[in-house]
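> give me the fold of what follows.
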Amino acid sequence: MEIGHGYEIERVFEQIENSEVITIFFPRLGQALVCDLRYKKGDIPFIKVMPMVNTISSRAKVLRRARPSYPRIQEILSIPWVGYVETIKSSGLLKQLILRIKKTDSNQAVNSTKEAYKQLLYIQQQDLIQLLSGDRYDTVWTRQR
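Down below sits the predicted model:
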């Protein structure tokens, strides 16, 4: 199975297993699921839906501002997802991500991930409504009558 721009899903699963910061971004929606799995005693991983950024270094800066007590991020796994949000579940990607998050022993982070998935589904639904109603998208050409 392939995703995004030809990445094999199994390779992505391997990368998730070893990554501390994972971002799955949805170009059509302009949103990203950001998972910073670094944590300290009394703290939990950072899981949030955020606007997309133009570069990985921009994402690192956003996380540095959100989590100033953590060391500089050395590496971010950035996964482009051009399909529908539902396919991160049907492909097994969401399950793999949750399995990785469970290793942090934070039920709150697991719940935050599930809520973030629901939020992405809602954002996608609103995007489709705007597409059908013409509120956000413009017609490139119109049919001659």
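> quick check: beta-bridge partners of the spatially most central residue of the chain?
Taking CA atoms, centre = their mean, the centroid of the chain lies closest to L33, which sits 2.4 Å from it. Beta-bridge pairing of L33 under DSSP bridges involves I24, V49.
> the strands in this structure, which residues?
Along the chain, counting by DSSP state E, strands occupy 2-3, 7-8, 21-26, 31-36, 46-51, 77-80.
> how about the fifth one: buried residues?
Going back to what we said before, that points to strand 46-51. Buried residues in strand 46-51, counted by 16 or more other CB atoms under 10 Å: F46, I47, K48, V49, M50. Heads up, the C-betas are built off the backbone N, CA and C, glycines and all.
> residues in contact with that strand?
With CB atoms under 8 Å, 6 or more residues apart in numbering as the test, strand 46-51 has contacts from 30-36, 38, 62-63, 66-67, 101, 109, 112-113, 116, 119-120, 123.
> would you write out the ChimeraX command that picks the buried residues out of those residues?
Buried subset of the contacts of strand 46-51, written as a ChimeraX selection, criterion 16+ other CB under 10 Å:
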select :31,32,33,34,35,36,62,63,67,101,109,112,113,116,120,123
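> ok so, going back, redo the strands of the chain as CSV? Include mean pLDDT and distance to S57.
Shown next, in CSV, are these (pLDDT from 0 to 100; distance: least, CB to CB, whole Å):
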stretch, mean pLDDT, distance to S57
strand 2-3, 44, 24
strand 7-8, 62, 21
strand 21-26, 97, 12
strand 31-36, 98, 14
strand 46-51, 97, 15
strand 77-80, 94, 11
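> so can I have CSV of the ones you listed showing distance to D127?
Below are the strands of the chain laid out as CSV (distance: least, CB to CB, whole Å):
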stretch, distance to D127
strand 2-3, 20
strand 7-8, 24
strand 21-26, 9
strand 31-36, 9
strand 46-51, 13
strand 77-80, 17
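> among these, which is nearest R145?
Among the strands of the chain, the nearest to R145 by CB to CB is strand 21-26 (36.2 Å).
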